[in-house]
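# this is a predicted model, with the sequence first.
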Amino acid sequence: MVPNSWVSCHLGDFMEFKNGLNADKSQYGYGLKFVNVMDVFGNDILTEDKIIGRVNVAESQLESNLLKFGDVLFNRTSETFDEIAMSAVYLDDKPAVFGGFVIRARPGKGILTPAYSVYLFQSSKFRNQVIKLGQGAVRANIGQKDLAKVKVSIPPLPEQKKIAQILSTWDKAITTTEQLLANSQQQKKALMQQLLTGKKRLLDDNGIRFSGKWKKVKLGSVADMNSGGTPKSSVEEYYGGDIPWVSIADMTKHGKWIVSTEKYLTPIGLENSSARIYPKNTILYAMYASIGECSIAKVPLSSSQAILGIRPKDSLDFEYLYFFLSSLKEKMKLQGQQGTQSNLNAGMVKDFTIILPSVEEQQNIAAVLSSADQEIDSLQQKIEALKQEKKALMQQLLTGKRRIQIN
């Protein structure tokens with residue numbers, strides 16, 4: 001039930017809609033800031049300094065396409081229905097215009113507080129409605145007429161302002177934690193560059209700094225490796241057993257440690273493919289698609305042929321190898337993007353040059369970097385918790401289920 005003091009209405013009852021400019025290619029690159037689809041995907045606040053594109057607008061088109069403080073911008077089209085009518089509220093007084101794949105919605109005066117509209121159009125109630133109204137076979141689309149049908153419940157202006165103030169404190173906490181996360185990730189990156197090259201040496205268990213030369217070796221000389229295999233998906237008997245079978249999707253989902261997988265093989269499935277059992281602490285290394293992605297098997301498991309299972313010998317610590325391969329990830333991705341070598345193979349990975357200190361120093365380096373990982377994981381979990389708290393609070397405040405005291 002909507003509270004008595006709230007107004008329940010359709011967007012078309014209080015908003016004026018307009019599609020943006022369809023500019024010629026020659027007009028791009030200079031002139032006024034130009035809002036396009038990607039600028040509104042943040043589903044958040046938009047200011048002039050966040051807008052990248054520019055367009056030169058004819059004088060006759062300028063007035064009708066200018067943005068005003070409090071205008072709401074929706075994207076008209078996307079690859080998926082989940083991403084249509086993503087919004088950005090323009091909270092700036094500087095001049096900017098908007099593109100043809102964007103719909104501008106201008107609220108009537110005294111109806112919607114701009115700060116409140118940021119949250120109104122992020123709400124699950126609004127998102128669920130627009131997703132259902134989307135149309136299209138190849139691409140998802142939504143037009144002005146469908147947006148006008150969306151029903152919203154609007155509290156009085158003082159309550160809108162108070163709700164926006166409360167929710168903005170969660171946004172500030174999320175932004176602050178995201179900045180701490182970015183700093184921690186940058187610090188870990190710098191630490192990896194120093195520790196994995198020997199530029200910075202740690203102290204041993206007796207408090208004495210490690211010394212001595214590092215050995216330069218080929219990875220193939222200090223580790224055994226084989227790729228996995230995929231049993232025929234059409235044979236039901238090959239799947240549904242208790243042997244974890246890792247895909248690259250499992251690696252990107254779980255990150256450093258793999259304990260469980262989406263698919264499991266039966267013993268007969270394992271026998272009828274080139275898949276094999278990798279022991280615990282095997283390094284899993286992606287050779288196709290997400291090349292350079294790296295994980296560690298926390299339990300015995302098998303994998304697809306896109307993944308190389310690397311088993312370090314006695315002179316190489318498995319976690320040190322994980323961090324070494326992780327440090328190459330950006331280089332590998334760039335290599336794939338440039339088309340130099342879109343895939344890797346076992347022979348190429350065996351030929352990687354790795355520099356090795358003593359096993360004790362390797363383990364100390366791995367421990368320091370693991371500690372940095374734990375800090376990063378903790379911050380990521382905190383961000384996720386804050387987002388969930390904000391989502392739950394929005395659900396209560398934006399529906400009137402939870403009321404707030406207005407002084």
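Yes, it's here.

# which element is residue 315 on?
Per DSSP states H and E, residue 315 falls between elements, in no helix or strand.

# quick one, what contacts residue 300?
Applying C-beta atoms under 8 Å, 6 or more residues apart in numbering, we find residue 300 in contact with 244, 277-280. For every residue, glycine as well, the C-beta is placed using N, CA and C.

# so which of these is the most crowded?
Counting neighbours by other C-beta atoms under 10 Å, residue 278 comes out on top of the contacts of residue 300 with 26 neighbours.

# is the closest residue to that one other than its chain neighbours part of a helix or strand, or is it coil?
Of all residues not flanking residue 278 in the chain, residue 309 sits nearest, at 4.0 Å (C-beta to C-beta, 6 or more residues apart in numbering). Three-state call for residue 309 (DSSP: H, G, I helix; E, B strand; the rest coil): strand.

# neighbours of residue 309, how many?
Neighbour tally, residue 309, other C-beta under 10 Å: 25.

# would you mark the buried spots in stretch 8-18?
Across stretch 8-18, burial judged by 16 or more other C-beta atoms under 10 Å covers 11-12, 14-15, 17.

# with stretch 27-42 instead?
Residues of stretch 27-42 classed as buried by neighbour count (16+ other C-beta under 10 Å): 32-37, 39-40.

# what's the span of that stretch, first residue to last?
25 Å (C-alpha to C-alpha, to the nearest Å).

# where in the protein is the helix or strand with the lowest mean pLDDT?
helix 329-337 (a mean of 74; mean pLDDT, DSSP states H and E).

# can you list contacts of the next helix or strand after that one?
Under the assignment DSSP H and E, the closest C-terminal helix or strand after helix 329-337 is helix 346-350. For helix 346-350, the surrounding residues in contact (C-beta under 8 Å, 6+ apart) are 218-220, 225-227, 285, 287, 308, 310, 341.

# state the pair within these that is farthest apart.
Using C-beta to C-beta, the pair of the contacts of helix 346-350 lying farthest apart is 226 and 341, separated by 20.1 Å.

# shaky segments in the stretch 251-400 of the chain?
335-342 (pLDDT under 70).

# so where do the strands sit in it?
257-258, 263-265, 283-286, 294-297, 302-303, 307-312, 353-356 (DSSP state E, counting those that start in this stretch).

# any chance of the ones you listed in JSON lines, plus distance to residue 184?
Listed next are those as JSON lines, based on distance: least, C-beta to C-beta, whole Å:
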{"stretch": "strand 257-258", "distance to residue 184": "19"}
{"stretch": "strand 263-265", "distance to residue 184": "33"}
{"stretch": "strand 283-286", "distance to residue 184": "24"}
{"stretch": "strand 294-297", "distance to residue 184": "19"}
{"stretch": "strand 302-303", "distance to residue 184": "30"}
{"stretch": "strand 307-312", "distance to residue 184": "27"}
{"stretch": "strand 353-356", "distance to residue 184": "26"}
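
# out of these, nearest to residue 78?
Closest of the strands of the stretch 251-400 of the chain to residue 78 is strand 283-286, at 28.2 Å (criterion: C-beta to C-beta).

# what does the closest one rub up against?
223, 246, 248, 251, 258, 278, 292-297, 303, 306-312, 318, 321-322, 325, 344, 349.

# and it, C-alpha only, in PDB?
Only the C-alpha atoms of strand 283-286 are listed here, as PDB (Å, rounded to 0.1, in the frame of the first residue of the first chain):
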ATOM      1  CA  ILE A 283      48.100 -24.100 -11.000                       C
ATOM      2  CA  LEU A 284      45.300 -23.700 -13.500                       C
ATOM      3  CA  TYR A 285      46.200 -21.400 -16.400                       C
ATOM      4  CA  ALA A 286      43.900 -20.300 -19.200                       C
END
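
# which parts of the stretch 101-250 of the chain are helices?
Taking DSSP state H, counting those that start in this stretch as the criterion, the stretch 101-250 of the chain carries its helices at 114-120, 124-133, 144-149, 157-195, 219-222, 248-254.

# check which residues of the last one are buried.
Read it as helix 248-254. 248, 250-251.

# pull the CA atoms of that helix into CSV?
C-alpha atoms of helix 248-254 as CSV (Å, rounded to 0.1, in the frame of the first residue of the first chain):
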residue,chain,number,x,y,z
ILE,A,248,37.4,-20.8,-17.7
ALA,A,249,34.0,-19.4,-16.5
ASP,A,250,34.7,-21.2,-13.2
MET,A,251,38.1,-19.5,-12.9
THR,A,252,36.7,-16.0,-13.6
LYS,A,253,33.9,-16.6,-11.1
HIS,A,254,35.9,-18.0,-8.2
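
# quick one on the thing from earlier: which of the buried residues of stretch 8-18 sits closest to residue 383?
For those, the nearest to residue 383 is residue 11 (31.1 Å; C-beta to C-beta).

# got the contact list for that closest one?
Listed by C-beta under 8 Å, 6+ apart, the contact set of residue 11 reads 105, 147-150, 152.

# could you do residue 160 as well?
Contacts of residue 160 (C-beta under 8 Å, 6+ apart): 112-113, 115-116, 154.
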